[in-house]
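Engineer: please work out how this folds:
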Amino acid sequence: MSNSITSAAVVNYAPEKGSVEIREIARPTIGEEDVLLEVANVGVCGSDLHQWTADHSWPVNYPVVLGHEFGGHIVELGSRVTNWKEGDRVVSETAAIVNPNSPMTRTGLYNLDPDRKGFGYGVNGAMTKYVRVPARCLHRVPDNLPFEQACLTEPCCVAYNAVAVNTSIKPGDRVIVIGPGTIGILCAAVAKLCGAQVAVVGLEADRHRLNIAQQYGCDTIAGDATEWAKQADGLGADCVIDAAGASITLKTALRLVRPNGHITKVGWGPQPLNFSLDPLVQKNVTLKGSFSHNWPIWERVIALLANGMLDVKPIIGGVWPLTEWQEAFEKMHKGQVVKSVLKPV
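Structural biologist: Just a heads-up that it's a prediction; the model follows:
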């Protein structure tokens, strides 16, 4: 297949703030265990915004095409790819490169392989028409699930892993989610599926996004959540999910969680903490990080999306042509929408 064909792509080309632009890139050449995917839709992630504003905390291979929340149709198969055919509707996991011999990979936790590199920072992502994807990353999308929703399987998997796998939530637990972005709201939605009472906490500026969290049956708080945390027996929330993009919210989580409670941190923030962790010790609190996802989580989440138990429609603030990426980024960055979706043309 000739790679002389070019397509528009949203490229992060340097570490300086604002170093993102539309560039023409060649159609990728695939390897024998890859497929070429024609992208139908690609979600804008908070990490895409962080690379755009240059306040990220992970290494980036510049220049790189952004985008790791995507789905589309297979248009070309590598010579060793089996069980897939051209035209199949698929979504892709994010672990574009993993070490097959890593102990983490061998136990199925390739998301935690230190050599893992993901789409959109380690290798070219999907904010373009065609993307090269290892066949091992693919999952089938049922016909009844539109790509506008299916492309958000990835953030749903982040939330599912944080809440249903890395946090032991029981029906009736009182759970506080800090940060009403995409991951925070989806964490709240999954916690509701687990039978929890859930409050989503943000700032006054987050009112619009908090209103969307209400559509998932959550209480919402702009400001101090102490009263809600202590409402049951005065001791605090059973669990706090920290989905904010700042380090300081961990201090808030330690204040709101009950003795012997649980904090799961899923939000990224490069800032140093500058406070004592003594409350973690004194309260006997379990603090756990949660990163990414793996194959069985994707299968579960696709089923939840397809059967309607997990609905991403409320968080989608609009679909923009790829060429209007900047408006889509800015509306998310300003909190005017929870999730922007792009469509290559």
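Engineer: hmm, who's touching stretch 272-291?
Structural biologist: 111-112, 158, 161-162, 165-167, 247-248, 250-251, 254-255, 257-266 (C-beta atoms under 8 Å, 6 or more residues apart in numbering). Any C-beta I mention is one placed from the backbone N, CA and C, and that applies to glycine too.
Engineer: repeat for stretch 244-252
Structural biologist: With contact meaning C-beta under 8 Å, 6+ apart, stretch 244-252 is reached by 46, 50, 178-179, 181, 184, 225, 242, 263, 265, 267-273, 275.
Engineer: rewinding a little: which ones among the contacts of stretch 272-291 map onto strands?
Structural biologist: Per DSSP state E, strands hold the following members of the contacts of stretch 272-291: V257, R258, P259, N260, G261, H262, I263, T264, K265.
Engineer: of the contacts of stretch 244-252, keep whichever come out buried.
Structural biologist: Using 16 or more other C-beta atoms under 10 Å as the burial test, those include 46, 50, 178-179, 181, 184, 225, 242, 263, 265, 267-269 as buried.
Engineer: about what we covered before: drop anything exposed from the contacts of stretch 272-291.
Structural biologist: 111-112, 158, 161-162, 165-167, 247, 250-251, 254, 257-258, 261-266.
Engineer: in three-state terms, label the nearest residue to C156 once chain neighbours are set aside for me.
Structural biologist: Taking C-beta to C-beta, 6 or more residues apart in numbering, and ignoring the residues beside it in sequence, C156 has V301 as its nearest neighbour in space, at 4.8 Å. For V301, the secondary-structure state derived from DSSP: H, G, I helix; E, B strand; the rest coil is helix.
Engineer: just V133 next, same as before
Structural biologist: Look at V133: counting by three-state DSSP, its state is strand.
Engineer: residues in contact with it?
Structural biologist: With C-beta under 8 Å, 6+ apart, V133 has these contacts: D34, V35, L36, L37, S92, A96.
Engineer: what does T128 give?
Structural biologist: S7, A8, A9, V10, I25, V39, V65, G67, L322, P344.
Engineer: how many residues are close by the closest residue to the fourth one other than its chain neighbours?
Structural biologist: So the one you mean is V10. In space, V10 comes closest to M127 once its chain neighbours are excluded; the distance is 3.8 Å by C-beta to C-beta, 6+ apart. Around M127 there are 31 other residues, counting by other C-beta atoms under 10 Å.
Engineer: repeat that for the one 4 residues further on.
Structural biologist: If you count neighbours by other C-beta under 10 Å, V131 ends up with 32.
Engineer: can you check A253 too?
Structural biologist: Residues near A253, counting by other C-beta under 10 Å: 26.
Engineer: show me what contacts the nearest residue to it once chain neighbours are set aside?
Structural biologist: Spatial nearest neighbour of A253, excluding adjacent residues (C-beta to C-beta, 6+ apart): V240 at 4.1 Å. Contacts for V240 were tallied using C-beta under 8 Å, 6+ apart; they are V175, I176, V177, I178, A253, L256, V257, G261, H262, I263, T264.
Engineer: take the contacts of V133 and keep only those in strands.
Structural biologist: D34, V35, L36, L37, S92, A96.
Engineer: any chance you could map the helices in the stretch 151-300 of the chain?
Structural biologist: Remark: helices assigned in the stretch 151-300 of the chain by DSSP state H, counting those that start in this stretch are 153-160, 182-193, 207-214, 226-229, 249-256, 278-282, 295-306.
Engineer: now those as TSV including distance to S340 and mean pLDDT?
Structural biologist: Formatted as TSV, these follow (distance: least, C-beta to C-beta, whole Å; pLDDT from 0 to 100):
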stretch	distance to S340	mean pLDDT
helix 153-160	12	98
helix 182-193	10	98
helix 207-214	13	97
helix 226-229	30	98
helix 249-256	23	98
helix 278-282	36	98
helix 295-306	19	98
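Engineer: using TSV, lay out the ones you listed together with distance to E327.
Structural biologist: TSV is the format used below for those (distance: least, C-beta to C-beta, whole Å):
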stretch	distance to E327
helix 153-160	20
helix 182-193	18
helix 207-214	17
helix 226-229	35
helix 249-256	28
helix 278-282	42
helix 295-306	26
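Engineer: okay, the residue most central in space within the chain and D173: tell me how far apart.
Structural biologist: The residue lying closest to the centre of the chain (C-alpha atoms, centre = their mean) is P155, at 3.0 Å. Noted for P155: a distance of 23 Å to D173, by C-beta to C-beta, to the nearest Å.
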